[in-house]
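S.K.: Give me a 3D structure for the following:
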Amino acid sequence: MEEKLGQEPSNLIKVVLFGPESTGKTTLAGQLAEHYNTEWVPEYAREYLQDKWDREQKTCEPKDLVPIAYGQMELENRLAKTANKVLICDTDLLETKVYSEAYYTGTCDPILEKYALKNSYDLYLLTYIDTPWVADDLRDKPDERERMYAYFKESLEKYHRNFIILKGDKATRLKKATEHIDKLLQNMITLSPKDLEQLDSKGITKEKVMRQIETFREGIPFVKLVKAAVVGNGILRFSDKEQTDLVQYFEDHRGNLDFLKFVPASGAASRMFKAMFNFLDAFDPKKESLSDYIARTGDKDAQKFVDQMSKFPFYDLIMERIKGKASSKDEEAYLFVKEMLVESGLNYGFYPKGLLPFHRYKTGSATPFEEHLKEAALYAKTLGKANLHFTVSEQHDEMFAEEESKVSPKIAKLTNTKFDISYSNQKPSTDTIAVGLDNQPFKNGDGSLLFRPGGHGALIENLNDQDADIIFIKNIDNVVIDKNLEQVANSKKMLAGVLAKVQNKAFGYAKLLDEGDVSISKSEEIKEFLEKDLNVRMPNDFDDMDVDEQLSVLKDRINRPIRICGMVKNEGEPGGGPFWIEDGDGNISLQIIESAQIDMDDDQQASLLKNSTHFNPVDLVCGVRNHKGEKYNLLDYVDEKQGFITSKTQEGKELKALELPGLWNGGMAFWNTLFVEVPLVTFNPVKTVNDLLKPSHQA
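M.R.: Coordinates of the predicted model:
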């Protein structure tokens, strides 16, 4: 039965009338259907509840909501088959969810909620409460319209629905509604039955594709930097004693909390060896000497690699494999690189970065996968067990399983830890549509739609599938040698201590707001906590709101996932930075911003980036549950306007591709955020193979 709450595929533009009772929705639905010569979906609840009233003289009860939802979707799917380009819906399941939470149980049936958020529509028409109240058998709350209007608006904003507000008389409302629907019709793209089948097979809705195409048309504006986050204004810095106290706070409060270490590990290491692939293509030891090649090309990467070859953790292995094959030192260097990269050799260019030898110890070499297990045993262990989750490319599944079987028992014995390791691949449903330069869907030679991976921002879906009290996030290539493990572990515990402290306080306030008995002085206290401790900025009109509206804002702001992000002093390494930014609505927030999101032609913006003091090493500790222990749906806190549009080619044709908002950039834009300075020893990324020559990777 559950699937009956879903939408059947269609090319229709779907418009929802949304708002409190007796605000003119049904009247406008009929007008719009007549205007566009199409169908409109009546509110099934009226038929259902009128029948109930006639039989029992009872209005709606919680047990009625799911049957109403089934009836509503049956009506919508049936009328969609005969509609003409546009389908007008007098309501949807999101409205049912709102009523469930506001009027009845305070919660929503999980199945109803799933489809209320999954089903998608092109436009919501939010009807204002400036129409006269008209009583009937089913309407029973004339004094609740203002509160409910605020709740409806808040829901549309929370779930990032495309909506407009309709006010005024019938003619004014109709004119504004048709203007917006006409715009959708002008930009309408028709997908063939084959296209819709392809979308369905990938788990991608037509509405999602249309939103992405609209993004291509509108473009993604650069972010507006207000100022760089610095120590004392956006970045916290703790003394040695304070750090020790935070570590102890974490230890004292960890109890039986569930921990998870989440490691983005997808993709091959080909970019790590880009310079060495170029070296193989450009250098022939039979035609020139290595010194002549360096003089000719200025290839400093190859020079550094060859000069310090013996320091690489895979040196002995490769030298043994090429033994006796080289007639000169120059040829030996060439054969070394070839054996390292080509498919008939070690094939490291195909390997996932997480399974390459990174560190050399007396007992042998260690991969990043192995080093992450050692770390997890120090700070992400509860009752002797450490949980880790790696996101990997599907082609590398077996390789990771093999590495786990080899190193997990060894590290388990060494650290007295049981490891529970899980994996996931990037979901096909997170792929994004590609378009031509005319913003029309790009078709492959076989006529199929071209989709491309959505970038690391797609991994917010993988993260959303995980559940724990505290989730530690760190990139696969950011690992340390054994002598630095304790310092890194203490830094992570310190960040977790910050999270535990601020989260415990937030949970207390969230509970008070839930209970509804909050005095003016207490609301001021909560507001101050949000602003000073969680870097939350209130809406510009907050002071003009009435008490109920202010409490609603406070409740929304405090009930969000929390991320504590380590920040390292800027010493020239690449990576996003911490900034205060202003969005299109004038809201200011603390964000991690990549240089590609900044307008470098704007001198002021470029100067703010250049003079920033810290950058993002991807060192996060996250709280993803609310005060009731319920996990947040992390997809509700993504800013879709922080993605990237890039230029690509396919089959000799130019196209535009869309990358989703980055996992720790726009993918977490609406989280409550704290930045904390961490020591440089915690940041040891390996972007190129020569990074393994740095002292931090030399055991």
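
S.K.: got any ranges where the stretch 201-350 of the chain has weak pLDDT?
M.R.: The model of the stretch 201-350 of the chain has no residue with pLDDT under 70.

S.K.: Just the buried residues of the helix or strand of the chain with the lowest mean pLDDT, please?
M.R.: Every helix and strand of the chain was ranked by mean pLDDT, DSSP states H and E. The lowest is helix 44-56, at a mean of 79. Burial within helix 44-56, assessed by neighbour count using 16 or more other CB atoms under 10 Å, is assigned to 44, 45, 46, 48, 49, 52. Just so you know, the C-beta spots here come from the backbone N, C-alpha and C atoms, and that holds for glycine as well.

S.K.: Can I get whichever helix or strand comes after it in PDB, CA atoms only?
M.R.: As assigned by DSSP states H and E, the chain's next helix or strand after helix 44-56 is helix 65-80. Extracted C-alpha coordinates of helix 65-80, given in PDB (Å, rounded to 0.1, in the frame of the first residue of the first chain):
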ATOM      1  CA  LEU A  65      -4.900  11.200   8.100                       C
ATOM      2  CA  VAL A  66      -3.300   8.200   6.300                       C
ATOM      3  CA  PRO A  67      -6.600   7.100   4.600                       C
ATOM      4  CA  ILE A  68      -7.100  10.700   3.500                       C
ATOM      5  CA  ALA A  69      -3.500  10.700   2.100                       C
ATOM      6  CA  TYR A  70      -4.200   7.500   0.100                       C
ATOM      7  CA  GLY A  71      -7.400   9.000  -1.300                       C
ATOM      8  CA  GLN A  72      -5.700  12.200  -2.200                       C
ATOM      9  CA  MET A  73      -2.900  10.600  -4.200                       C
ATOM     10  CA  GLU A  74      -5.300   8.200  -5.900                       C
ATOM     11  CA  LEU A  75      -7.200  11.300  -7.100                       C
ATOM     12  CA  GLU A  76      -4.100  13.100  -8.200                       C
ATOM     13  CA  ASN A  77      -2.600  10.200 -10.200                       C
ATOM     14  CA  ARG A  78      -6.000   9.500 -11.900                       C
ATOM     15  CA  LEU A  79      -6.600  13.100 -12.900                       C
ATOM     16  CA  ALA A  80      -3.000  13.500 -14.100                       C
END
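
S.K.: how about helix 65-80: buried residues?
M.R.: 65, 66, 68, 69, 70, 71, 72, 73, 75, 76, 79, 80.

S.K.: Over to stretch 457-476?
M.R.: 457-464, 466, 468-476.

S.K.: quick revisit: could you identify the most distant pair in the buried residues of helix 65-80?
M.R.: Comparing all pairs in these by CB to CB, the longest separation belongs to 65 and 80, at 22.4 Å.

S.K.: mind listing the strands in the stretch 1-150 of the chain by residue range?
M.R.: 13-18, 40-41, 86-89, 123-127 (DSSP state E, counting those that start in this stretch).

S.K.: could these be laid out in TSV, adding distance to residue 251, mean neighbour count and mean pLDDT?
M.R.: Below are these laid out as TSV (distance: least, CB to CB, whole Å; neighbours: other CB atoms under 10 Å; pLDDT from 0 to 100):
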stretch	distance to residue 251	mean neighbour count	mean pLDDT
strand 13-18	49	25	95
strand 40-41	57	24	96
strand 86-89	54	26	96
strand 123-127	48	23	95
